[in-house]
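**Student:** Need a 3D model of the sequence below.
(one chain, ligands or ions: 1)
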Amino acid sequence: MNVHTPTTSLTPNQKAQRLTGRPHITYSEVTTYQACPAKHYFQYVEKAPPERLSATMLLGTCIHAAIEHLFNARMAAEPLPTVDQLIETFRAKWNAESKDIWVEFASGQDRETCEITGRTMLTTFLASDQVFADAEIVGVEESFKVKLMDELPDLAGRVDLVTYDGKTVTITDFKTARSIPDGEYDQGPVEQLLLYSEGCRPIAEQLNAKLKLQFVYISKGKEPKIQAIEVKPDIHRACRTKLIALSVFEAMQRRTVYPSPSPINCSGCPFKSRCKATYQFGADCTVR
Ligand code: SF4
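**Tutor:** Numbering: from 1, shown residues only. Modelled structure (predicted):
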């Protein structure tokens, strides 16, 4: 016998499970819904296979994989990998991620230019003080789940690097970007890092240490720059972000789904054909 469970009697984790098959939410799920509820639906509810992969995003993913290799070696007290070894990791990640999907290159970009860019970035990174020679590596790609509010499902996340220098636990999120941004509080991902700090607080408490949050930017181009940008704790901003996440989760639960087309949203969207087939608007604003 099938027993229908009213949504109101479900816990937030059960509600999330019912919608997406996962008993939690992620920060990127929330921001995907905020940008375009239809894209959220295709990606997290329908689980439609993506139609394309942006080469720029793939480059960032491959740089992250190489940096993960570097810090895993440091954590295991092994010799630091060479640039050639990091490029092997970069290539393996590229091959794995692009196996069954069309990679969309920007004008003047191809696989070779992406690898040259990756090599230059990794060479600069290896020579920088961001290899954290003086700090102990506590975690690499450290996963966590944290309860932010009673009404919200657990937030699941992963931080790139956790280090400890005897006094301070530092949470580092690596970013690849065309250029280093000005001013830490202009950054959209700051909210993400503020929420993630709640998931990492137990590590700092266990070590009786202060908690520091930072982005480390690695810029692209012929002469990449590496820059750390500290994010100061901001209770009000973190609280506002939790309330926004709650509103978004409630809208998801009401199954409010609509497309939100714009050049920024749609240019890199991996569900363009799926969207076009679902929402067939004519030029006179009638639905065909
Ligand atoms: S193509 Fe644009 S409107 Fe359609 S799902 Fe993607 S981002 Fe949303």
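
**Student:** If we go by neighbour counts, what in stretch 85-94 is buried?
**Tutor:** For stretch 85-94, the neighbour count (16 or more other CB atoms under 10 Å) marks 85-87, 89-91, 93-94 as buried. Glycine gets a C-beta too; all of them are placed from N, C-alpha and C.

**Student:** Just put those residues in JSON lines and tack on distance to L213, pLDDT and secondary structure.
**Tutor:** Listed next are the buried residues of stretch 85-94 as JSON lines, based on distance: CB to CB, whole Å; pLDDT from 0 to 100; DSSP: H, G, I helix; E, B strand; the rest coil:
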{"residue": "Q85", "distance to L213": "30", "pLDDT": "98", "secondary structure": "helix"}
{"residue": "L86", "distance to L213": "26", "pLDDT": "98", "secondary structure": "helix"}
{"residue": "I87", "distance to L213": "30", "pLDDT": "98", "secondary structure": "helix"}
{"residue": "T89", "distance to L213": "26", "pLDDT": "98", "secondary structure": "helix"}
{"residue": "F90", "distance to L213": "27", "pLDDT": "98", "secondary structure": "helix"}
{"residue": "R91", "distance to L213": "32", "pLDDT": "98", "secondary structure": "helix"}
{"residue": "K93", "distance to L213": "26", "pLDDT": "98", "secondary structure": "helix"}
{"residue": "W94", "distance to L213": "30", "pLDDT": "98", "secondary structure": "helix"}
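
**Student:** mind putting the residues you listed in JSON lines, distance to F71 included?
**Tutor:** Shown next, in JSON lines, are those (distance: CB to CB, whole Å):
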{"residue": "Q85", "distance to F71": "13"}
{"residue": "L86", "distance to F71": "11"}
{"residue": "I87", "distance to F71": "16"}
{"residue": "T89", "distance to F71": "12"}
{"residue": "F90", "distance to F71": "15"}
{"residue": "R91", "distance to F71": "19"}
{"residue": "K93", "distance to F71": "15"}
{"residue": "W94", "distance to F71": "20"}
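
**Student:** what separates the closest residue to R74 other than its chain neighbours from the ligand, distance-wise?
**Tutor:** In this structure, R74 finds its nearest non-sequential neighbour in I137, 5.2 Å apart by CB to CB, 6 or more residues apart in numbering. According to CB to the nearest ligand atom, to the nearest Å, I137 and the ligand sit 38 Å apart.

**Student:** again with S260
**Tutor:** Separation of S260 from the ligand (CB to the nearest ligand atom): 5 Å.

**Student:** so is that residue in a helix, a strand, or just coil?
**Tutor:** Of the three states, S260 takes coil under DSSP: H, G, I helix; E, B strand; the rest coil.

**Student:** neighbours around it, how many?
**Tutor:** The number of residues packed near S260 is 14, by other CB atoms under 10 Å.

**Student:** Go ahead and confirm it touches C36.
**Tutor:** Yes. S260 lies in contact with C36 (CB atoms under 8 Å); the separation is 4.1 Å.

**Student:** my guess is the residue nearest to R74 meets V169, correct?
**Tutor:** No. Contact criterion CB under 8 Å: I137 and V169 do not qualify, at 11.5 Å.

**Student:** Out of the buried residues of stretch 85-94, flag the one nearest to the ligand.
**Tutor:** Nearest to the ligand, judged by CB to the nearest ligand atom, of these is W94 at 24.3 Å.
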